[in-house]
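Engineer: Turn this into a model:
(2 chains)
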Amino acid sequence: QQQVKQSPQSLIVQKGGISIINCAYENTAFDYFPWYQQFPGKGPALLIAIRPDVSEKKEGRFTISFNKSAKQFSLHIMDSQPGDSATYFCAASTKAAGNKLTFGGGTRVLVKP
Amino acid sequence: GAGVSQSPSNKVTEKGKDVELRCDPISGHTALYWYRQSLGQGLEFLIYFQGNSAPDKSGLPSDRFSAERTGGSVSTLTIQRTQQEDSAVYLCASSLSGPVGYTFGSGTRLTVV
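Structural biologist: This is a model prediction of the structure:
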């Protein structure tokens, strides 16, 4: 059972554009929603995270929007740069389950100069 | 060390052989997680250690997989009688407490031939 669904699978954006990645979850017990960035040959690195009592969180060019009623959350990358080209994973976890992460399928983002 | 260290970085093994993968977590991190990243299954949870508690083995795909954590620090993931479908990148992550500060290693790429 895929508990976190991520779309699109891949994304091409021009430098300076906005990248938008969407995720939907099923388990209402999830209480932490991080986004990870992964470069080839490296492990995922935490980018930004949100808890369900907040509807939006912004850190620099990265913003998470969270819709609890729709069980959806999204990552917006503003002013996308070639260095942002990577694979992005949304994830969800619950403290009650030991904070083990359930990941979305990933989105490969390519930013063209 | 400054980060989570995994060894070896690459491992090629023959079908039917046993392999051991090692993870050195960040010093002081009490929680340690193993994940598997494969093309067909994405990133999936394998096993979780928290302090001296019994590990959460709910993600292990078969009884050929096992893991231990000695002295609350180093962890070893063992795969017995490897199969071609075990080929994947095995990622280790550690955390001080809760989901915040979850840090991944660069992984071990396992290829079963």
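
Engineer: For the rest of this, base every contact and every neighbour count on C-alpha atoms.
Structural biologist: Fine.

Engineer: center of chain B - which residue?
Structural biologist: Closest to where the C-alpha atoms of chain B average out (Cα atoms, centre = their mean) is B:Trp34, at 3.5 Å.

Engineer: Does that residue belong to a helix, a strand or coil?
Structural biologist: Following DSSP: H, G, I helix; E, B strand; the rest coil, the label given to B:Trp34 is strand.

Engineer: and it, what does it touch?
Structural biologist: Applying Cα atoms under 8 Å, 6 or more residues apart in numbering or on different chains to B:Trp34 gives the contacts B:45-48, B:90-93.

Engineer: Which one of the residues in chain B is closest to chain A?
Structural biologist: Residue of chain B nearest chain A, by Cα to the nearest Cα: B:Ser106 (4.3 Å).

Engineer: and that residue, how many neighbours?
Structural biologist: Using other Cα atoms under 10 Å in any protein chain shown, B:Ser106 has 25 other residues around it.

Engineer: And it, how close does it get to B:Gly51?
Structural biologist: Per Cα to Cα, to the nearest Å, B:Ser106 is found 23 Å from B:Gly51.

Engineer: and what of A:Thr107?
Structural biologist: Taken as Cα to Cα, the span from A:Thr107 to B:Gly51 is 34 Å.

Engineer: With neighbour numbers in mind, choose between these two.
Structural biologist: The neighbour comparison of A:Thr107 against B:Gly51 (other Cα under 10 Å) goes to A:Thr107, with 21 against 14.
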